[in-house]
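In: A structural model of the following input is requested.
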Amino acid sequence: MCLPTPGLARAQKLLKSLTPHVLAYLQNYPLQNPLVEGEAMSGVEVLGVVAAVSQLTKYWLEVVNDISEFSNEMRGASSRINRLNCWVQDVIAITNSIKAHSGSQDGLIGPVVARCGLEAEALQSELQKLSIIMKGGKMAKIKGVILFNRKEKGITRLVESIERSKSTINICLLSKVSETLMTTPSVFERGCQQVDDQLSNISREVAARNCFQFPKLPVNHSIECASSKTPASVAFMVNIRRNGEFIGQNSILEDLSEKMKTANGRRRVALIGLGGVGKSQIALEYAYRAHISSPNKSVFWIQGANELDFEQDFIRIAPYAKAQGAGITTAVTCNMVKGWLESENSGNWLLIVDDVNTDTFFGEKLFHTLLPQNPNGSILFTCRNKQLALKFVLPMQLIKLRGMNNVDARELLLTHAGSLEDSEEDIDQLICCLEYMPLAMVRAGAYIAANSLSVSGYLQLFNESEANRANLLGAILMDSAASSRLSLPIVTSVISLQKIQREDELAIQFIAFMSCLSSRRIPNTLLPSPKSTIKNSQALGVLKAYSLIVENSSDGLFDMHPLVRLATRTWLKSTGQFSKWVLLAFNSMIQEFPSQTEKCGDIEKCELYLSHADTILKDHEKIFLGGGLPAVSAAHGSLISRISRYLTTKGSYRSARTFAESAVKWNKRAFGERGRHTLTALSNLAVIDHYLGGYSFAENLCIEVLVTRTKVLGENHEDTIDSLNNLALLYQEQGKHDAAEGMHRKALSLREKFLGPRHKDTLVSVNNLALALQSQQKHSAAEDMLQRALCGRQDLLGPFHPDTLTSTSNLGVFLQSQKHWEDAWEMHSLAFAGRQKIFGPDHHETLKSKGNLALVLQGQGLYNQAEEVLGEVLSGFQVILRNDHPDTLTTMSNLANLYRCQSKYAKAEKVTSRVLCARQKELGECHPETLSTMCDLSILLQCQRKYQAAKALGVYVLNARIRSLGEGHRDTQFSARHVTELQEDLQEWIQNGGEAYTSESDYGLGDALLWPLE
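Out: Predicted structure coming up:
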């Protein structure tokens, strides 16, 4: 059917290349002949003319040759059009003859004959148009050949469709005769000749035209298959061309072959997985490999997506069964095919049922009963629903597809994208974004090639917005052999969702809700409350069966495939339901996300909900900005503030500050510049700046909030007193002890006056005042205040309240600083036992108390015991928090100090360098904690007589502390004494003949301070 046109293309190419030569010649040699004037041409001119003529002759010979070839092609095309015209006229004549016979339009044959006739008439119309054009001159014939080439695909499709109709009509006519004989035995007994005469006209026309070949009915009619002992001829009924671009999946194909071999008596295997993961392509490759490796095995491909496709494909097996007397109804024909497949006469066979659907096999016609069972046969299913697949195969015969491996995915992407100059990292990132899905890889590669994009450019588009991702992955692929049956993940996932919507309403509610969350680690507690746990379990089971979600066996949380999530969100938006589900998810998160982190399990719950809350907030804000909310939601700002507080507790100060700023903006929008919630958000932002070491920013914010609250709420309001307390803590950290003490006393006085001396907020002021007094070395007054806070909290809250245990721990730290080891041990033991009781042994507050016990052991000189306990505390923090959490880094610093006390300088230096690197990264170079760690490292270098490097660090710390804390701060004064001592040690060392250590870059602000965390 294909008409290649290399002659025409080559002729056009040669003519184009010839034109500039001719123009150049005419430009150099005008038409005026110089010989007319009696002038002889020079030798160069003669050679030029000869060369030009030679070149022209060569080109024109090639053109003539190619034109000759193209003429042959035109004659061939004309001949083919004439043959097709004759063929289609025969088809139309026979379909008209079949329609003319009485009863021939009953049952299945009527629609098939009608469709065949319409397709034949359409083909005849196209061929007649081409014939008229081809009867013209040469240019008309050229035009006809070009048109024929353009319409080749459409003509081919019509011819193939007509061929399929031929087989169906053949079976149906044969079945009609069989039913007539069975239902009217008298006709059979009086002879079959009358029935044969009834079809004689059709048979003669068929034989004459060599088109449809209806077999003559034998005398022994039966609905069973032929009883011949000779096996049927080998069949290969696969209408999809082999994918020449199939890549990898060898392990899956090997596993599939092995399962087919090892199945005992019932060789059935099912490929399950998401749409677009490659089930059909793997089955197709397996079919062709089976056909090549086992030439005596028949292979049948049947579509299982709906009843009509399955029925039509199944009855197409009938001719291979050499059927005798199949019934006119499709049910009888299908049963005949099943009987043949279950008999020995069918030989070895492989039946592939693609895209198995519940409605097809367990619908009105119950097609699952047609699946044959034969030790010589095997069946391969492809299915999205695991629950449905288990109705056909045993669990051990399931193969779940999850995507390609990295190597195969890369090869598939590059096959469709062409050669790429992008970095390996960009390609791997794209493969990861596409979740190793073959169909997504094909689409992305084709898009990159068609638009001449780089991988980085595609990634930029992909990550720019959710709408871009949906557009890039949502179109249907039209350039593959199976394009009419395969679509990209967005489309295939939506098809699954529509099926689920019909099967289980609660399941579709769950998947819609989950799409509004993050795709990983989805807890059951966030889902809408079901009417019963049984329905909950069944709904989740449906989603797992379709591979839309996966349950993690270790923690019971669910993961949702990112492309499924994208498809679900796109589907919800297209149906106008997305805003509704976002609001439901938002309300659920408001109920579940902890407002404090004091209770046992609060931190773990916050960590689990964090990514989901962030996702919901972004969608909720988009809905608000798009006009989807009637008013600004106060709960939105509340949720942002909760996340910020949790991140502050976690030690992720920079992330916490981002959320705190967002809370300020949202609350200003909702409540105005002076709203109470706005001022609370500003106060929280100041606290985070305090933790980050941004003392000037924090101080300005604290003063702004304090002044505003004083004006708006009054001096005696609880929020105003809170601002006073926060500003006092900030001054205390800056070494402004007198100002801090004065503010703490003022706050305490106001709370005692308006709240009473035993109120919990009053006791907070007592505790804070005690810490301010302790920092000024006012030990007696500090101890009295600590005792008052502890006794008041014990009476008011009980001995095991978190606030009471905080006071117990603070008193222990104070006693520890006074080297009252036994009393300190007693206080820390009480705090440890209480926290272990209410929080558990692995809570971070419990681990803090355990670390304090280790420091008491160290103070008593029990280094081995202290090192063992500190090691346990460090391991605990690394598990429940993270390596760069402030509490983890503090424990590491304490452990380094313990190593230094034991003269284990190398180990101490290594741990201290890791702490320094982490604090530089999280807090910055000039944060007090970072400078404290630098000072510790300087002391360690001093202990190892590396005076030059120690001095460089010491001087840097001193200058930084002067700038950030002031010369009067105690830490600055300590650094000044340390630098003086280092200078003296260095001079003494050199005077005594020691060699100066000059490699400052090893321990200065260069490489050594940037050692990576392990």
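
In: in the sheet, who's paired with residue 400?
Out: On the basis of DSSP bridges, residue 400 is bridged to residue 272.

In: Tell me, how many residues neighbour it?
Out: Residue neighbour count, defined by other CB atoms under 10 Å, stands at 15 for residue 400. The way it works is simple: take the backbone N, C-alpha and C, and place the C-beta from them, glycine included.

In: That one touches residue 273, doesn't it?
Out: Yes - with contact defined as CB atoms under 8 Å, residue 400 counts as touching residue 273 (5.8 Å).

In: list the residues that contact both of those two?
Out: Taking CB atoms under 8 Å, 6 or more residues apart in numbering as the criterion, residue 400 and residue 273 both touch residue 547.

In: Run the chain-centre distance for stretch 890-899.
Out: Between the centre of stretch 890-899 and the centre of its host chain there is 41 Å, according to CA atoms, centre = their mean, to the nearest Å.

In: Find the nearest non-adjacent residue to residue 932, please.
Out: Leaving aside its sequence neighbours, residue 932 sits nearest to residue 971 (CB to CB, 6 or more residues apart in numbering; 7.3 Å).

In: Assign a three-state SS to the one you found, would you?
Out: Here residue 971 is recorded as helix under DSSP: H, G, I helix; E, B strand; the rest coil.

In: dump the residue contacts of it.
Out: By CB under 8 Å, 6+ apart, the contact list for residue 971 reads 735, 928, 931, 932, 961, 965.

In: List the residues that contact the first one.
Out: To tie it back to what came earlier, the one meant is residue 735. Contacts of residue 735 by CB under 8 Å, 6+ apart are 965, 966, 968, 969, 970, 971, 972.

In: If we ignore the residues flanking it in sequence, what's nearest the fifth one?
Out: What that stands for is residue 970. Spatially, and ignoring its direct neighbours in sequence, residue 970 is nearest to residue 735 (6.3 Å; CB to CB, 6+ apart).

In: Below-threshold pLDDT in the stretch 251-400 of the chain: ranges please.
Out: Residue ranges of the stretch 251-400 of the chain with pLDDT under 70: 262-266, 322-329, 359.

In: Need the three-state assignment for residue 300.
Out: strand.

In: In the stretch 201-350 of the chain, mark out all the strands, start to finish.
Out: 236-237, 268-272, 298-303, 349-354 (DSSP state E, counting those that start in this stretch).

In: Which one, of those strands, ends up nearest to residue 882?
Out: strand 268-272 (37.4 Å; CB to CB).

In: Check which helices and strands the closest one sits against.
Out: helix 250-262, helix 279-293, strand 377-383, helix 386-389, strand 398-400 (3 or more CB pairs under 8 Å, 6 or more residues apart in numbering; DSSP states H and E).

In: Kindly recompute the last result at 6 Å.
Out: Secondary-structure packing of strand 268-272 (3 or more CB pairs under 6 Å, 6 or more residues apart in numbering; DSSP states H and E): strand 377-383, helix 386-389, strand 398-400.

In: Now it - C-alpha only, PDB.
Out: Taking Å, rounded to 0.1, in the frame of the first residue of the first chain, the C-alpha atoms of strand 268-272 are listed here in PDB:
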ATOM      1  CA  ARG A 268      -2.200 -18.000  34.800                       C
ATOM      2  CA  VAL A 269      -0.200 -14.900  35.600                       C
ATOM      3  CA  ALA A 270      -1.300 -11.300  36.100                       C
ATOM      4  CA  LEU A 271       0.600  -8.100  35.600                       C
ATOM      5  CA  ILE A 272      -0.800  -5.400  37.800                       C
END
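
In: List of residues touching that strand?
Out: Here strand 268-272 makes contact (CB atoms under 6 Å, 6 or more residues apart in numbering) with 259-260, 279, 379-383, 386, 389, 392-393, 397-400.

In: wait, which of the residues you listed is closest to residue 337?
Out: Using CB to CB, residue 379 comes nearest to residue 337 of the contacts of strand 268-272, at 13.7 Å.

In: does the closest one really touch residue 351, like I thought?
Out: Yes - at 4.7 Å, residue 379 counts as touching residue 351 under the criterion of CB atoms under 6 Å.

In: Those two: which is more packed in?
Out: Comparing residue 379 with residue 351 by other CB under 10 Å, the one with more neighbours is residue 379, at 25 against 22.
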